[in-house]
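Asks: Let's see this in three dimensions:
(chains A and B)
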Amino acid sequence: MIKAFKWWWGIVLAFSLLGLSRAFLPLAFLNEVIIFSIYTIGCSFLLGRVGFISFGQPAYLAVGAYGTAFYLFYFGTNPYVGLLVGVLSGLIVSGIVGPLFVKLRSDYFALVNLALAVIIFYLMQKVLADITKGDNGLWFLTNIASTPVLDLGKPSHFFIFALLVAMAVWAFYKYLDDSIFGACCLATKINEDKLKFLGYSNYSVRLLAFIMANTTTALAGAMYAVYLGFVSPEMSSPHRAPDPVVVTILGGVGTLYGPLVGAFAYTGMKDAISKLIGNWELFIGFLLVFIMLAGEKGIWGTLQPHLEKLFFWKKRKPETDSSAKAPR
Amino acid sequence: MMDTQLLISGVIFGLSIGSIYFLMAIGLSLCFGLMRIISLDQLLYYSIGAYITYSLSLATGNVWLGVLGGVAVGGITAFAVERLVFRRIYERELTFSMITSFGILIGGIGVIKFFWGVVPRPVPVPTMSQIDIIGTDVPVYRLIVVGVAALVYIGIWLFLNRTIIGKAIRAGIEDVEHVEGLGINVSRLFTITFIIAGALSGLAGGLHAPLIMVDPAMGLEVLAFVFMVVIIGGLGSIKGTLISAFIVGQVVSIGSLIYAPLAMMAPFAIMLLILLIKPTGLYGSTLVKK
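Replies: Residues are numbered from 1 along each chain as shown, chains lettered A, B, ... in the order given. Take a look at the predicted model:
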């Protein structure tokens, strides 16, 4: 019991804080933050744990979103089934491209993913324009049927649902961090020869990590589709490609709560700075360079040791030592 | 079947686009080969080159002067960025340089928006005259672009093969530590290479400006294509870059003649194919970071 509590309390605390902030922050902002953080955790896992940087996350986001959109637009009305279809399509696509991509070196990997994003962008915009309605996008908000317990058509119900999903995703990634598989991922990042020596296959470790991360991204895409009731090719446009990478760096690479903090800060800053000076690229770009030069720890990576000192001084070993395990 | 006129103008269009990509890809390729960095900020020098061309041609009425200015400012900005940022991150891994240079690119786009605003700007084409090639009217300006790229290729080839600095750069691509051991100032070599790369990207921007509208995000628009050129050719190889720029240019332009949506997708499909057959690109060697 105590053990389970110890394991869960970080996640519960983080998300109940997010839930409580509902009292003084707009709902649309919080929904955006939650979906964005789910979107980012895949990228963060790939970059921080497996050592793969991907500039092509929008590809998988769009796959998930369009999977959901096709179902809700053409076939059914149940948003839960739609979400499932989106996640499954993400699983299938990353299962197809994964075996080819994970053989490549990190830098090539980043750009091949970018290429995939561009291909999917033009596929949705031009080639499949008959089905996807091109740049106009698919609008299916009215198609979404109301469901008994949590009605996903309502933003307030969607918020609760998103919070639960995000908690599940975080618990999953926390479990991964603790598991042997998580250790293997770190090992393949740091020294693939040694991992091979220990009898593990770099290829299958990477493949599994790739598929898991991108299925998570597809889940975020599916949630975007249900939340907005609309998808357009803009989602996988190469201009959006840097967002998850920026948020990952901003929050702190490879840390568990980095994506959440990063998504919160990024969405907030984007809103605030666009309102103030209307030129947030300037700010975010130089912030990124600054974080990288200042030791690439990000917001959470910098805060974490201080918070631990504040709350745990001399009591016990902090349990969220996931970042301490990752030498950099 | 396609008629000859369309085909010829398509080939010329492809050549000129390929030339622009080639000019930018050389810089990236050299930076990767020598310093082992992925310098996404080359796209920034491209945008800066284009904007300086716009401003100078507006002020003086001469586009060529603008292009020269673009080359100069591109080189100077590259020098400043190298001194301030890249100097500190040469020894870090590839992903690190990629993310940092991406930050510079985004920040630079912000600076451009600050100075020039977000509205796309037109740049006049310096010469409107057309030339007759086998019964097809071809704009002279596109031929000039191809000519400039060819001159740059010859210049780079001579520089790398006939001068001491060039030879040192080539040797550095093979093994930086040995070059340093020979008593060559590697740090200065890096700076020179980075400035050359920045100036060539500025040149590409200046030459491309009259063919398109100049807007702040123009760097992001060509990013994917330029990287495709570098990757198909193989990181670190000038010859491979030339060949792949030619291929990509032709695929984009001939592809758009056959079926327009294909034009943007086909090069990426080709890149995936080439990478799956030969993961280091056409002429790339298995360069690793030491």
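
Asks: residue boundaries of the strands in chain B?
Replies: B:130-133, B:136-139 (DSSP state E).

Asks: Out of those, which gets nearest to A:K103?
Replies: strand B:136-139 (43.1 Å; CB to CB). (Each C-beta comes from the backbone N, C-alpha and C, glycine too.)

Asks: can you list the residues of the stretch 1-150 of chain B near chain A?
Replies: Applying CB under 8 Å from any CB of the partner chain, we find that the stretch 1-150 of chain B lies next to chain A at B:38, B:85, B:88-89, B:94-96, B:98-100, B:102-111, B:113-114.

Asks: can you count the residues close to the nearest residue to B:Y153 once chain neighbours are set aside?
Replies: Closest residue to B:Y153 apart from its sequence neighbours, by CB to CB, 6 or more residues apart in numbering or on different chains: B:L242 at 6.0 Å. Applying other CB atoms under 10 Å in any protein chain shown, we find 24 other residues in the vicinity of B:L242.

Asks: Buried deepest among the strands of chain B, which one?
Replies: Comparing the strands of chain B by mean neighbour count (mean count of other CB atoms under 10 Å in any protein chain shown), strand B:136-139 comes out on top with a mean of 17.

Asks: Sheet partners, orientation included, of it?
Replies: strand B:130-133 (antiparallel) (DSSP bridges).

Asks: for chain B, what spans make up the helices?
Replies: For chain B, applying DSSP state H gives helices covering B:4-35, B:42-60, B:63-81, B:87-89, B:94-116, B:140-162, B:164-174, B:176-181, B:186-208, B:218-233, B:238-258, B:260-277.

Asks: Mean pLDDT added to those, as JSON lines?
Replies: Below are the helices of chain B laid out as JSON lines (pLDDT from 0 to 100):
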{"stretch": "helix B:4-35", "mean pLDDT": "85"}
{"stretch": "helix B:42-60", "mean pLDDT": "89"}
{"stretch": "helix B:63-81", "mean pLDDT": "89"}
{"stretch": "helix B:87-89", "mean pLDDT": "81"}
{"stretch": "helix B:94-116", "mean pLDDT": "84"}
{"stretch": "helix B:140-162", "mean pLDDT": "89"}
{"stretch": "helix B:164-174", "mean pLDDT": "84"}
{"stretch": "helix B:176-181", "mean pLDDT": "83"}
{"stretch": "helix B:186-208", "mean pLDDT": "89"}
{"stretch": "helix B:218-233", "mean pLDDT": "82"}
{"stretch": "helix B:238-258", "mean pLDDT": "85"}
{"stretch": "helix B:260-277", "mean pLDDT": "76"}
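
Asks: circling back to that earlier point, my read: the residue nearest to B:Y153 touches B:V152, true?
Replies: No. Using CB atoms under 8 Å as the test, B:L242 is too far from B:V152 to be in contact (10.2 Å).

Asks: Ramachandran angles for A:C184?
Replies: Backbone torsions for A:C184, taken as degrees, to the nearest 10, come to phi -60, psi -40.

Asks: The closest residue to chain B within the stretch 101-250 of chain A in helix, strand or coil?
Replies: Residue nearest to chain B within the stretch 101-250 of chain A (CB to the nearest CB): A:K126, separated by 3.2 Å. Under DSSP: H, G, I helix; E, B strand; the rest coil, the three-state class of A:K126 is helix.

Asks: and it, how many neighbours?
Replies: 19.

Asks: Buried residues in stretch B:176-183, which are they?
Replies: Neighbour-count burial for stretch B:176-183 flags B:V176, B:V179 (criterion: 16 or more other CB atoms under 10 Å in any protein chain shown).

Asks: Run through who's touching that stretch.
Replies: B:L34, B:A168, B:A171, B:G172, B:V186, B:L189, B:K290 (CB atoms under 8 Å, 6 or more residues apart in numbering or on different chains).

Asks: Serialize these to a markdown table and add fields for neighbour count.
Replies: What follows is these, written out as a markdown table (neighbours: other CB atoms under 10 Å in any protein chain shown):
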| residue | neighbour count |
| --- | --- |
| B:L34 | 26 |
| B:A168 | 21 |
| B:A171 | 16 |
| B:G172 | 22 |
| B:V186 | 18 |
| B:L189 | 20 |
| B:K290 | 8 |
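
Asks: can you put the strands of chain B in CSV and add mean pLDDT?
Replies: Formatted as CSV, the strands of chain B follow (pLDDT from 0 to 100):
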stretch, mean pLDDT
strand B:130-133, 74
strand B:136-139, 78
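
Asks: so which of these comes closest to A:Q57?
Replies: The nearest among these, by CB to CB, is strand B:136-139 at 39.7 Å.

Asks: Using CSV, write out every CA atom in the closest one.
Replies: C-alpha atoms of strand B:136-139 as CSV (Å, rounded to 0.1, in the frame of the first residue of the first chain):
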residue,chain,number,x,y,z
THR,B,136,11.4,27.4,-76.5
ASP,B,137,11.7,30.7,-74.8
VAL,B,138,13.7,30.4,-71.6
PRO,B,139,14.1,33.2,-69.1
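
Asks: what's next to that strand, contact-wise?
Replies: B:T4, B:Q5, B:I8, B:S9, B:I12, B:V125, B:M128, B:S129, B:Q130, B:I131, B:D132.

Asks: Could you pull out the buried residues of the longest helix anywhere in chain A?
Replies: Ranked by residue count, the top helix of chain A under DSSP H comes out as helix A:202-228. Within helix A:202-228, the residues that count as buried by 16+ other CB under 10 Å are A:202, A:205-228.

Asks: Could I get the phi/psi values of A:I53?
Replies: Torsion angles, degrees, to the nearest 10, at A:I53: phi -100, psi 130.

Asks: Report the contact partners of it.
Replies: With CB under 8 Å, 6+ apart, A:I53 has these contacts: A:L46, A:L47, A:S106, A:D107, A:F109, A:A110, A:V245, B:T95, B:M98, B:I99.

Asks: do the same with B:I195
Replies: B:G75, B:A78, B:F79, B:E82.

Asks: Identify the residue nearest the second one in space, chain neighbours excluded?
Replies: Read that as B:A78. B:G198 is the one closest to B:A78 (CB to CB, 6+ apart), at 2.3 Å.

Asks: Surely the one you found touches B:A80?
Replies: No. Between B:G198 and B:A80 there is no contact under CB under 8 Å: 9.5 Å.

Asks: more neighbours, those two?
Replies: Per other CB under 10 Å, whichever of B:G198 and B:A80 has more neighbours is B:G198, with 31 against 11.

Asks: What residues does that one make contact with?
Replies: Contacts of B:G198 (CB under 8 Å, 6+ apart): B:G27, B:Q42, B:Y45, B:G74, B:G75, B:T77, B:A78, B:F79, B:V81.

Asks: Great, nothing more from me.
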